[in-house]
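Asks: got a sequence here, can you build the structure:
(2 chains)
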Amino acid sequence: MARITAGIACSHIPVLGYAADQGKADEPPFKLAFDGFEWTRKWIAEEGRPDVVILVYNDHASAFDMNMIPTFAIGCAERFGIADEGFGPRPVPDVIGHPDLAWHIAQSLILDEFDMTIMNDMAVDHGLTVPLTMMFGAGVEAWPVRVVPLAVNVVTYPPPSGNRCWLLGEAIARAVASFDEDLKVHVWGTGGMSHQLQGPRAGLINRQWDNDFLDRLIGDTQALRHVQHIEYLREAGSEGIELVMWLIMRGALGRETRALHRHYHVPVSNSALGHLVLDPVDPTVPPSPTLEGNNEAAQAAIR
Amino acid sequence: MSGPRDIHSYLAEFEDIPGTRVYTAKRARAGYHLNQFAMSLMKAENRERFKADERGYLDEWPMSEAQKQAVLDRDYNRLLDLGGNIYFLAKVFSTDGLSFVEAVSTMTGMSVEAYQAMMQAGGRSPEGQRSKKEGR
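Replies: Modelled structure (predicted):
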């Protein structure tokens, strides 16, 4: 049986991909940002390496334009090319998918009443490739894991609510647990932390709020389910809304987590960088109210 | 369980945030062609055509005159007002060879140097930047 062995939260700041590609990760001003990932790279090399990463990210007008805005999209292809974001594609390897697991998750989620968009031919941008670089380092010839990309709309309002993201995470945990192959799976939530890239308020950073957010991903609190979009906007800036994607990761880890590693650094270009490695100490998630539970309330509603 | 129960108050609250244009459906609708024009600059041949004749390239798109003029002026706050989204507008400033920091600073009324210095010092404080009504 497949099982979720860890969750990772990581900002996906484009300039860090650029710095890694240019061999500047050891130079100021980037060094302090990269140093906080040393622990994680060592842990992954020694014991934490998964077979597959379900990588939750958002596309930044690369694969999706205004013609097509899926709230939740899952990549089911064999491989995903690297998007050209205006400066040529990053010089990193293509991302290799896990179509069997991805299609299984897609089916399971749809039966669980998450109506996913299924993607095959999809280029992936810095939202997905920068976290891979942070965790596996620069200059890799091939990524050492397979990846199931899960793209979330956090650009056009409304994005999904934090609670909906948490519930999706729980449904992903059920989907993984019902996959009949012995796989170690990570769920990564990316984006954030506080940043605003537009308007006169651009440059907003909220160290206190960010750290409270990190605190609330640890342990058994579910308080983040109830944080509303307006709070992200006011406290973490207009692009801080990306943090709802971290709640998909958190929801997938179940009832209680323990922090194995934590890193926070300000600033990286326009953004606050946050990174957490979480161990699911109690991975229990509620049964599906539909597919598995087949409960009385659901039956009453469809009678 | 979570989320406001009323779509009108949900949307109205966005207008209370200082110096911020939330990319609502209303803006997305107004800015559809503007953003798709910007997206077209992902292709090198389109960037060349745009750079050779900006006005002529813009006239191929069913955008408002105000949107076209704001692109020509590189007035990014105005473009946000007219339905532009920053990730799409990034295609325009990337075509100009500007980084996010360089382009974003033009929206703040600060010089690039002053904006960078603010970021190096930890960024813009949220104090007084959360709510127009409440002044917090």
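Asks: for the closest residue to B:Ala28 other than its chain neighbours, grab the count of nearby residues.
Replies: Excluding its sequence neighbours, the residue lying closest to B:Ala28 (C-beta to C-beta, 6 or more residues apart in numbering or on different chains) is A:Thr156, at 5.2 Å. All C-beta spots, glycine's among them, are computed from the backbone N, C-alpha and C. Applying other C-beta atoms under 10 Å in any protein chain shown, we find 17 residues neighbouring A:Thr156.
Asks: low-confidence stretches in the chain?
Replies: Went with chain A since none was named. A:291-303 (pLDDT under 70).
Asks: meant chain B actually
Replies: Along chain B, segments meeting pLDDT under 70 span B:1-4.
Asks: quick check: longest helix of chain A.
Replies: helix A:162-177 (DSSP state H).
Asks: may I have it exported as PDB, CA atoms only?
Replies: What follows is helix A:162-177 as a C-alpha-only set of coordinates in PDB (Å, rounded to 0.1, in the frame of the first residue of the first chain):
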ATOM      1  CA  GLY A 162      -8.700  27.100   3.200                       C
ATOM      2  CA  ASN A 163     -11.100  24.600   4.500                       C
ATOM      3  CA  ARG A 164     -11.700  23.200   1.000                       C
ATOM      4  CA  CYS A 165      -8.000  22.800   0.600                       C
ATOM      5  CA  TRP A 166      -7.700  21.000   3.900                       C
ATOM      6  CA  LEU A 167     -10.600  18.700   2.800                       C
ATOM      7  CA  LEU A 168      -8.900  18.000  -0.500                       C
ATOM      8  CA  GLY A 169      -5.800  17.000   1.400                       C
ATOM      9  CA  GLU A 170      -7.800  14.600   3.500                       C
ATOM     10  CA  ALA A 171      -9.200  13.100   0.300                       C
ATOM     11  CA  ILE A 172      -5.700  12.800  -1.200                       C
ATOM     12  CA  ALA A 173      -4.700  10.900   1.900                       C
ATOM     13  CA  ARG A 174      -7.600   8.400   1.400                       C
ATOM     14  CA  ALA A 175      -6.700   8.100  -2.300                       C
ATOM     15  CA  VAL A 176      -3.000   7.400  -1.600                       C
ATOM     16  CA  ALA A 177      -3.900   4.800   1.100                       C
END
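Asks: next one: that helix to chain centre, how far?
Replies: Relative to its chain's centre, helix A:162-177 lies at 12 Å (C-alpha atoms, centre = their mean, to the nearest Å).
Asks: ok, now which ones touch the residue nearest to B:Ala28?
Replies: When contacts are counted by C-beta atoms under 8 Å, 6 or more residues apart in numbering or on different chains, A:Thr156 touches A:66, A:69, B:23, B:25, B:28, B:85.
Asks: export the helix or strand hosting the fifth one as CSV, just CAs?
Replies: Spelled out, that is B:Ala28. Using DSSP states H and E, B:Ala28 sits in helix B:25-30. C-alpha atoms of helix B:25-30 as CSV (Å, rounded to 0.1, in the frame of the first residue of the first chain):
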residue,chain,number,x,y,z
ALA,B,25,-14.1,38.1,-11.7
LYS,B,26,-15.1,41.7,-12.5
ARG,B,27,-11.5,42.6,-13.2
ALA,B,28,-10.8,39.3,-15.1
ARG,B,29,-13.8,40.1,-17.3
ALA,B,30,-12.7,43.6,-18.1
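Asks: and the gap between A:Arg90 and chain B?
Replies: Counting by C-beta to the nearest C-beta, to the nearest Å, the gap from A:Arg90 to chain B is 14 Å.
Asks: understood, closing this out.
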